[in-house]
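Colleague: following is a predicted model, sequence given first.
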Amino acid sequence: MKDLKLAGRNATRSIIEVNGVSIGGKEIILMGGPCAVESSLQMSQIAETVKLAGGKILRGGVFKPRTSPYSFQGLGLEGLDYLVQAARAQNLLCVTEVIDAASLELVVEKVDLLQIGARNMQNFELLKLAGKANKPIILKRGLSATIEEWLLAAEYILAAGNPRVILCERGIRTFEPSTRNTLDLSAVGVAKELSHLPVIVDPSHAAGRRDLISSLSKAAIAAGADGLIIETHPNPAEAVSDGPQSLTPEQFVQLAGELGVVAGAVQRGFTCGGKGDTLKTLRTQIDRVDQSIIELLAERMEVVRKIGDQKRLDRVKDPVREKEVMLRLVHLAIERQLSPEIVKKIYPLIFEFGVQTQIKSKLAKDNELEPASIQ
Ligand code: PEP
Ligand code: MN
């Protein structure tokens with residue numbers, strides 16, 4: 001791909017900075033909001049949801065490129081004010097889609113990021129104009145675009161002078177009718193292999209149905225996505241567009257609460273609970289962390305039990321191994337700015353319970369075996 005002069009792979013990955021938010025770094029960036037801006041109330045409600053979930057960017061279309069000319073085309077400038085004000089009130093950034101030169105001109109100074117939608121991915125004149133804008137561009141993959149075409153579209157923006165492009169996989173057309181599009185998760189890996197640009201995933205337009213959004217979002221993070229853009233609406237049943245794929249506020253917050261574990265599993269980070277300074281949200285975070293601790297302890301005990309099955313009863317306690325583990329964890333604790341005393345106090349108890357579990361499990365097994373050996 002010799003023409004990816006600027007979008008092509010680099011020694012380092014690009015981290016796109018936008019008003020205090022970094023896209024493409026360790027932290028997974030969550031963006032959410034309705035497909036279309038409908039009212040001031042709708043936007044202020046959903047901005048609160050996005051903030052509560054730990055989202056950083058509020059989305060909302062005001063110029064809608066609709067498949068049918070008779071569908072709602074967006075509120076235009078009136079909607080832009082609702083989007084910008086709702087975002088500002090919650091200290092969120094905001095993004096909206098531009099569809100032509102006129103809409104770009106109208107929104108560029110008011111929003112933090114611009115989106116070029118799937119239907120305009122190869123609108124080359126629009127790409128060139130986006131290249132002159134001083135705002136980051138979220139470039140969605142076209143409905144039937146190859147990854148190469150998508151990256152070349154990004155190249156247009158970069159070549160025109162704007163280095164801040166974020167690629168967004170949002171599903172492609174396939175023969176499969178059970179989802180609106182097919183989320184191409186391998187595209188995340190391929191795009192990141194071929195390009196230094198961050199890649200985010202929009203599971204909403206890919207699936208077209210809300211029941212799949214949670215699992216697709218988690219899969220996207222596992223596949224290497226740098227962020228998610230998800231449609232959510234205060235009342236999806238009443239949404240003027242894309243209601244069936246929009247999460248309710250409760251579902252959005254719940255999903256956000258589940259993303260941290262997935263992010264952690266792939267050495268990324270996501271902190272749910274944007275209103276980090278209120279007692280309620282901090283306690284929600286603590287409850288979630290405590291739940292993870294218990295789940296991890298249960299997992300540890302299960303492994304410990306299996307290990308016990310491989311040891312002789314008189315060798316269940318292994319002080320040398322315990323010492324090794326302890327040493328490693330003390331170092332880890334220091335690295336993470338934790339007091340080593342925590343490890344020194346907690347781990348002997350964990351080891352002791354482990355040994356007891358192994359002994360109990362072995363004795364129970366022996367008892368099971370006895371009747372058989374008498375026969
Ligand atoms: C949207 O984000 O509302 C949208 C129209 O998405 P896409 O361009 O991916 O269809
Ligand atoms: Mn939509």
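Modeller: Yep, that arrived. Ligands and ions are numbered 1, 2, ... in the order given.
Colleague: what does the protein have sitting close to ligand 1?
Modeller: Within the chain, the positions lying close to ligand 1 (C-beta under 6 Å from any ligand atom) are Cys35, Gly61, Gly117, Ala118, Arg119, Lys140, Arg170, Asp202, His205. To be clear about C-beta, it is placed using only N, CA and C from the backbone, and glycine gets the same treatment.
Colleague: hang on, the fifth one in a strand?
Modeller: Right, Arg119. No. In this structure, Arg119 is helix, not part of a strand, as judged by DSSP: H, G, I helix; E, B strand; the rest coil.
Colleague: thought it was touching Phe63?
Modeller: No. Arg119 lies out of contact with Phe63 (C-beta atoms under 8 Å); the separation is 11.7 Å.
Colleague: of these two, who's got more company?
Modeller: Phe63 (24 against 15; other C-beta atoms under 10 Å).
Colleague: and the more buried one, what does it touch?
Modeller: Residues near Phe63 by C-beta atoms under 8 Å, 6 or more residues apart in numbering: Gln73, Gly74, Gly76, Thr96, Glu97, Val98, Ile99, Ser103, Val107.
Colleague: again, 6 Å this time
Modeller: Gly74, Ile99, Ser103 (C-beta atoms under 6 Å, 6 or more residues apart in numbering).
Colleague: list just the nearest of these to Pro348.
Modeller: Nearest to Pro348 among those: Gly74, at 62.6 Å, using C-beta to C-beta.
Colleague: for the contacts of Phe63, which one is nearest Gln285?
Modeller: Nearest member of those to Gln285, counting by C-beta to C-beta, is Gly74, at 36.2 Å.
Colleague: and the helices in the stretch 101-250 of the chain, which stretches?
Modeller: Using DSSP state H, counting those that start in this stretch, the helices of the stretch 101-250 of the chain run over 101-107, 124-130, 147-159, 186-194, 203-207, 213-222, 249-265.
Colleague: deepest of these, which one?
Modeller: helix 203-207 (a mean of 26; mean count of other C-beta atoms under 10 Å).
Colleague: give the rounded mean pLDDT of that helix.
Modeller: Taken as a whole, helix 203-207 carries a mean pLDDT of 98.
Colleague: which helices and strands sit right next to the longest helix anywhere in the chain?
Modeller: Counting by DSSP state H, the longest helix found in the chain is helix 340-374. Packing contacts for helix 340-374, counted by 3 or more C-beta pairs under 6 Å, 6 or more residues apart in numbering; DSSP states H and E, involve helix 279-309, helix 319-335.
Colleague: tell me the angle the last one makes with helix 340-374.
Modeller: Think helix 319-335. 150 degrees (axes from the mean of the first three to the mean of the last three C-alpha atoms, to 10 degrees).
Colleague: by contact count, what packs against helix 319-335?
Modeller: helix 340-374.
Colleague: got the angle for the helix it packs on vs helix 279-309?
Modeller: 40 degrees.
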